[in-house]
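**Q** Model the following, please.
(one chain, ligands or ions: 1)
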Amino acid sequence: MDKIKIKGGANLFGSINIPGSKNAALPVMVSSLLSKENLNLHNLPKLQDMNSMISLLRSFGVSVNQNNHTLTLNSQNLKNSTASYDLVRKMRASILVLGPLLSRFREAKISLPGGCAIGTRPIDIHLDGLSKLGVDFEIDNGFVKGRVKGKLTGTTITLTFPSVGATENIMMAAAQADGISIINNAAQEPEIIDLAVCLNKMGAKISGAGSNSIKIVGVNDFYQADHSIMTDRIVAGTYTIAAVMLNKEFTVKNINSNHLNSLIETLKSMGANLKIDESSITILPSNKIYGTNIETAPYPGFPTDLQAQVMALMSLAEGTSQITEKIFENRFMHVSELNRLGANIKIKNDTAYIEGGRKFKGAQVMASDLRASVSLVLAALCAEGETQVNRVYHLDRGYEKIEETLGKCGPSIIREK
Ligand code: EPZ
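**A** Reported below is the predicted structural model:
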């Protein structure tokens, strides 16, 4: 397994162009299952999760041609609607194929995704919503099997929690159902808007994406479409936090800064010196960074995917901070590793208590989930001495060749097989 070695006391200069969003790209790629025409996607990130999704789609018979950051997908000759455990266990987002396959095939068999490092990750909200569209489900020997007689039928669905994946699954299934569907208490993440924009380019009739109520008027056919994926707000937020931690002038480019309002407000309240444009954030050195208290929440609240990163910053800030994680039940895997690097963080139930004014010292640490891994990289950049981060495959799932991306802006990060 690859590991990376990071020299502490890193310099950071210049700017970085943010790539396409993993969490927008995955559902948009899945939407190709609904169409018999080409779907051309642009500005895709080059990540392990994309390769996993390409393998999964190909296993159904989707033809996928990749040319750098562009994909052409065609689902004219689908041959099966079963997703194997081996493919699904690598990436939870595989469950997103359930709705489109049921819409197209009237039946689907997907290995249950199982839990992951940050929680049990149930799919009850997905299944409940799809059942309301007319799907009969049974779960046995680790698979969820769905079947629908005739076409899916539009209806009103109220989610018990604004689940991102469930909103996407149901929206895709309803796109070609008979009649009108309304999703109430829908997730409002920007990635939902990106998916709706792409589906509408393919011929869907979706309105209200980005609000908590989405209306989908079922249509019969989809057409050839081109779509360029939005940029990755979590990667943008990660590198913004890195620059604040290193207290260096740095610019994060090619973003939609409106997607980062909660992080921007939090960093400013901590004393960060930020210059915000529509498509970039420039971090300037600040006199002092102070601790604060945050609670993660569904968009537009503070994103759970930036919780681990801001925790590393809080360890350096003056004064204590608190983070309450309200989205996932076990998303503090990075705490013990940050403590190995010199942080002093205690957990009580869903809240982490972070002592400020700490100094990170290089050590060997273990990556766990995708965002926990990058919080260790941020801490390592500020540490005294060298840090070795093991199991960086977690990192590769969400950050394109981080050693090259950051390496071009000053830090010394070396990957070893
Ligand atoms: C998406 O996951 C993202 N992944 C996650 O990013 C992100 O952390 C999460 O949304 C929240 O913003 C992708 O978009 C591929 P949820 P998703 O359904 O859809 C519970 C990353 O780092 N829940 O909104 O799985 C669930 O257990 C990843 O890029 C149910 O109980 O998130 C969790 O506690 C990590 N039943 C909460 O809701 C369900 O049927 C939020 O989950 C579905 C979810």
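**Q** what's the neighbour count on N349?
**A** 7 (other Cβ atoms under 10 Å). Placement of C-beta: from N, CA and C, glycine included.
**Q** Where do the helices of the stretch 51-200 of the chain begin and end?
**A** 85-88, 98-105, 124-132, 164-174, 190-202 (DSSP state H, counting those that start in this stretch).
**Q** Buried residues in stretch 387-399, which are they?
**A** Residues of stretch 387-399 classed as buried: T387, Q388, V389, N390, V392, H394, L395, D396, R397, G398, Y399 (neighbour count, 16 or more other Cβ atoms under 10 Å).
**Q** what residues are up against the nearest residue to E138 once chain neighbours are set aside?
**A** Residue nearest to E138 in three dimensions, not counting chain neighbours: K145, with 5.3 Å by Cβ to Cβ, 6 or more residues apart in numbering. Shown in contact with K145 (Cβ atoms under 8 Å, 6 or more residues apart in numbering): E107, A108, K109, F137, E138, I139.
**Q** isn't there a strand covering R415?
**A** Yes - counting by DSSP: H, G, I helix; E, B strand; the rest coil, R415 is located in a strand.
**Q** List the residues that contact it.
**A** D2, K3, I4, V392, E403.
**Q** Run through the residues that contact the nearest residue to G218 once chain neighbours are set aside.
**A** Excluding the flanking residues, the one nearest G218 by Cβ to Cβ, 6+ apart is A177, at 4.2 Å. A177 is in contact with S103, L133, G134, K151, L152, T153, G154, I216, G218, counting by Cβ under 8 Å, 6+ apart.
**Q** On the pLDDT front, check A177 for me.
**A** Looking at A177, its pLDDT reads 97.
**Q** Give me the distance between it and K151.
**A** 6 Å (Cβ to Cβ, to the nearest Å).
**Q** low pLDDT regions in this protein?
**A** Low-confidence segments of the chain (pLDDT under 70): 114-117.
**Q** Could you find the closest non-adjacent residue to the spatially most central residue of it?
**A** What sits nearest the mean C-alpha location of the chain, by Cα atoms, centre = their mean, is N23, with 4.1 Å. Counting by Cβ to Cβ, 6+ apart, N23 lies nearest to E191, which is 4.8 Å off, once chain neighbours are set aside.
**Q** Enumerate every residue touching that neighbour.
**A** If you count contacts by Cβ under 8 Å, 6+ apart, E191 has them with S21, N23, A24, P27, V164, E168, M230.
**Q** ditto for M172
**A** M172 touches P27, V30, S31, L34, L96, G99, P100, S103, L195, L199, counting by Cβ under 8 Å, 6+ apart.
**Q** S279: which of those residues is nearest?
**A** Distance to S279 across those (Cβ to Cβ) is lowest for L195, with 21.4 Å.
**Q** out of the contacts of E191, which touch the ligand?
**A** Contacts with the ligand within the contacts of E191, as defined by Cβ under 6 Å from any ligand atom: N23, V164.
**Q** most neighbours, which of the contacts of R415?
**A** V392 (23 neighbours).
**Q** That residue contacts A367, doesn't it?
**A** Yes - counting by Cβ atoms under 8 Å, A367 is a contact partner of V392 at 5.8 Å.
**Q** V374 touches Y399, doesn't it?
**A** Yes - V374 is within contact range of Y399, at 6.1 Å (criterion: Cβ under 8 Å).
**Q** Which neighbours do those two have in common?
**A** Common neighbours of V374 and Y399 (Cβ under 8 Å, 6+ apart) are T238.
**Q** ok, back up a step: what sits in contact with each of A177 and K151?
**A** With Cβ under 8 Å, 6+ apart as the test, A177 and K151 both reach G134.
**Q** Can you get me a residue count around S269?
**A** Applying other Cβ under 10 Å, I find that S269 has 12 neighbouring residues.
**Q** Without its sequence neighbours, what residue ends up closest to it?
**A** What sits nearest to S269 in space, not counting adjacent residues and going by Cβ to Cβ, 6+ apart, is T292, at 5.5 Å.
**Q** count of residues packed around the one you found?
**A** There are 19 residues near T292, going by other Cβ under 10 Å.
**Q** what helix or strand does T238 sit in?
**A** Element membership of T238, judged by DSSP states H and E, is helix 233-246.
**Q** Can you give the distance of that helix from its chain's centre?
**A** Centroid displacement of helix 233-246 relative to its chain, using Cα atoms, centre = their mean, to the nearest Å, is 15 Å.
**Q** helices or strands up against it?
**A** strand 250-253, helix 261-269, strand 280-284, helix 307-316, helix 370-382 (3 or more Cβ pairs under 8 Å, 6 or more residues apart in numbering; DSSP states H and E).
**Q** Of all these, which one is nearest the ligand?
**A** Closest approach to the ligand among these (Cβ to the nearest ligand atom): helix 370-382, 4.5 Å.
**Q** Give me the angle between the closest one and helix 307-316.
**A** In terms of direction (axes from the mean of the first three to the mean of the last three Cα atoms, to 10 degrees), helix 370-382 departs from helix 307-316 by 30 degrees.
**Q** Can you list the helices and strands that the next helix or strand after helix 370-382 packs against?
**A** Following helix 370-382 in sequence order, the next helix or strand is strand 386-390 (DSSP H and E). Strand 386-390 sits against strand 3-7, strand 364-366, helix 370-382, with contacts defined as 3+ Cβ pairs under 8 Å, 6+ apart.
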